[in-house]
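K.L.:
Curious how this folds, go ahead:
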Amino acid sequence: MLALAPEDPEAHFQVGNAALADGDAATAVARYRRARAVAPDVEAVAANLATALAALGLAEQDAGRHQVAAETFREALPLSDSPILRNNLALSLIALRQFDAAIDLLRPLNDLAAQRNLAQALELAGRHEQARRTWEALQAAMPGDADALAHLFHASLQTCAWDELDSLKARLAATIDGDPCPALPLFALQGMELTTTQARRAAKSAAPAAEPLPARPLSSGLLTVGYLSPDLRGHSVGRSLAAVFAAHDRAKLHVVGYAVGDAAPDDVGLDRVADLRHRPAEAIAETIAEDGVDILVDLAGPTRGGALEVLARHPAPLSAHYFGYGGSLGGLVDYLVSDATHLPDPADVAEAVVHLPGSFFVAAQPAIGSTTRSEHDLPDDAKVLMNLNAPYKTQPAMFRAWLDILARRDDAVLWLLDGGSQANNRLRGAAGAQKNRLVFAPAVDHATHAARQTLADVALDTYPHGGGVTTLDALAAGVPVVTLTGATPASRTGASILHAAGMPGLLCDNVGDYVATVLAMLDRRTPPGALSLFNPAARAKQLKTAFEKMADRHRAGLPPASFTVEDTS
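P.N.:
Below you'll find the model as predicted:
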């Protein structure tokens, strides 16, 4: 037909119909475009072109080619302005970090799935107050939706909206205790004081299922270690580990980075970084396997941009999680790399545990510049109590403890990270008569952030989700940190760091001791002794020892088992 009449719109239309019926969306789109060029006013051509474009866009989206998918969906929208097309376009825009455009598309859509995508886009855009309200509406519409409940809990922490916090915690705990325990976002649960049983149930339920790739042996010579992360860049993870990557013994290890998530990777000291952003989990796993990675080390877990679906495919003979999350992944990996303070009992988790000497945390010693209090709106004659953790780590009980300290020291101010106008106003409201003694620190570049911390007298750790890199930053600036310790790994990060810094006296078991210790430190500030925390070369050597022991067990046909790496530095 086309050979006889190459410009016949009906011929192109019929060939397009046949291709669409056969699932060949690309051919269908090409034919419908030809037909529409000749017959632009034929509604059937426009309608079928929209259908074919939608199918092609979904295929591109599934393949992780979000820029092409977005262009395809945009072409379809004038032909069929359907909510489904808008939602799918928004998903690709979210993957491309075009959050505002995605939010504009999703906001008018009343469909619950679209509203869930809207809430997540608002979260990613840092518009936490709007995200909280959207999650709140979703919870009202779907009170049994456990995922929305967990996101609402986290959004409430992000915005310091504490009125319903105890109720949300109780509902989440009951959900975890229920049968079956649903899959929940594990990162949000770090703000809860879960029992060991609850933590194990939540981690196991959150672990995605996938068909594992074919098993293969470890290489017989040089071990290839692959680091999987969305944060191989100017992120706290990338900054902290770059010197460790660079210090790895290349005579023993070949180290490769696999960048996932949505932010472009930087040069962080690895032999090579494979940019696998926006690729499907199966394709990422196959690339890792084809590269012959022996030990895959995940650095993100369930944090933003993490790739649990890749870990579920077991693309390497051995796998471990280190640094970025710290808790159990429900058995997705063979080993958790931790320390005896942070995760003292390996029986608490599904994985084998590697205890590193000192703290599992490490960072390069940053260059600390100079600054003045006046540059940061801090009074020259005050004692400065600093907590520059993200606002979601501050909870009511700890905030009350900080206010208790202010009440006992009328010469002190509380220095907090700016969480936005709504969160700041809620904290001022909770502070009551002390509200004028709160000072909010805006977001700044890392060098400025490192320098301004030298202005503090004492750093206050949060509970039950304690600081990690924030605590290291304070110690690097010469500021002692007081921490409260609990039973969960998230509440023991400060204890891990302070033990390694030689400051166990600043580790408290209850709020009363915490307040008393902070008050005492204001009068006799003790400089931290944190040298072991800023020794990337020693950490690289310890990790090599751990990797070699994992490999030796595997080659001997033995299953993963917990062990301790001795301090030989």
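
K.L.:
And the strands in the stretch 451-569 of the chain, which stretches?
P.N.:
458-460, 481-484, 507-508, 563-564 (DSSP state E, counting those that start in this stretch).

K.L.:
Return the set of residues that bridge with Ala441.
P.N.:
Leu417 (DSSP bridges).

K.L.:
For Asp62, give me the pLDDT.
P.N.:
At Asp62, the model reports a pLDDT of 89.

K.L.:
quick one on the thing from earlier: could I get the strands of the stretch 451-569 of the chain as TSV with mean neighbour count?
P.N.:
Backbone N, C-alpha and C define where each C-beta goes, glycine included. Formatted as TSV, the strands of the stretch 451-569 of the chain follow (neighbours: other CB atoms under 10 Å):
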stretch	mean neighbour count
strand 458-460	28
strand 481-484	26
strand 507-508	22
strand 563-564	16
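
K.L.:
Nearest to Val439, out of those?
P.N.:
Across these, Val439 has its closest neighbour in strand 458-460 (13.3 Å, CB to CB).

K.L.:
Tell me how far that closest one lies from the chain's centre.
P.N.:
25 Å (CA atoms, centre = their mean, to the nearest Å).

K.L.:
swap in stretch 430-439?
P.N.:
31 Å.

K.L.:
residues of that stretch that come out buried?
P.N.:
Buried residues in stretch 430-439, counted by 16 or more other CB atoms under 10 Å: 430-431, 434, 437-439.

K.L.:
What is the helix or strand of the chain with the lowest mean pLDDT packed up against?
P.N.:
Within the chain, no helix or strand scores below helix 9-21, which has a mean of 84 by mean pLDDT, DSSP states H and E. With contacts taken as 3 or more CB pairs under 8 Å, 6 or more residues apart in numbering; DSSP states H and E, helix 9-21 sits against helix 25-38, helix 43-62.

K.L.:
As a markdown table, the strands of the stretch 451-569 of the chain with mean pLDDT and distance to Gly234 would be great.
P.N.:
Shown next, in a markdown table, are these (pLDDT from 0 to 100; distance: least, CB to CB, whole Å):
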| stretch | mean pLDDT | distance to Gly234 |
| --- | --- | --- |
| strand 458-460 | 97 | 23 |
| strand 481-484 | 96 | 24 |
| strand 507-508 | 96 | 31 |
| strand 563-564 | 98 | 33 |
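
K.L.:
re earlier: which stretch among the helices and strands packed on helix 9-21 comes nearest Leu318?
P.N.:
helix 43-62 (29.5 Å).

K.L.:
one step back: outside of the least confident helix or strand of the chain, which residues touch it?
P.N.:
Outside helix 9-21, the residues that touch it by CB atoms under 8 Å, 6 or more residues apart in numbering are 1-2, 5, 25, 27-32, 34-36, 38-39, 42, 44-45, 48-49, 51-52, 55.

K.L.:
CA atoms only for that helix, dumped as CSV, please.
P.N.:
Extracted as CSV, the C-alpha positions of helix 9-21 are listed here (Å, rounded to 0.1, in the frame of the first residue of the first chain):
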residue,chain,number,x,y,z
PRO,A,9,-2.3,9.2,5.2
GLU,A,10,-4.7,6.3,5.4
ALA,A,11,-1.9,3.9,4.4
HIS,A,12,0.4,5.2,7.1
PHE,A,13,-2.5,5.1,9.6
GLN,A,14,-3.2,1.4,8.9
VAL,A,15,0.4,0.4,9.1
GLY,A,16,0.6,2.4,12.4
ASN,A,17,-2.4,0.5,13.7
ALA,A,18,-0.8,-2.9,12.8
ALA,A,19,2.5,-1.9,14.5
LEU,A,20,0.7,-0.7,17.6
ALA,A,21,-1.2,-4.0,17.8
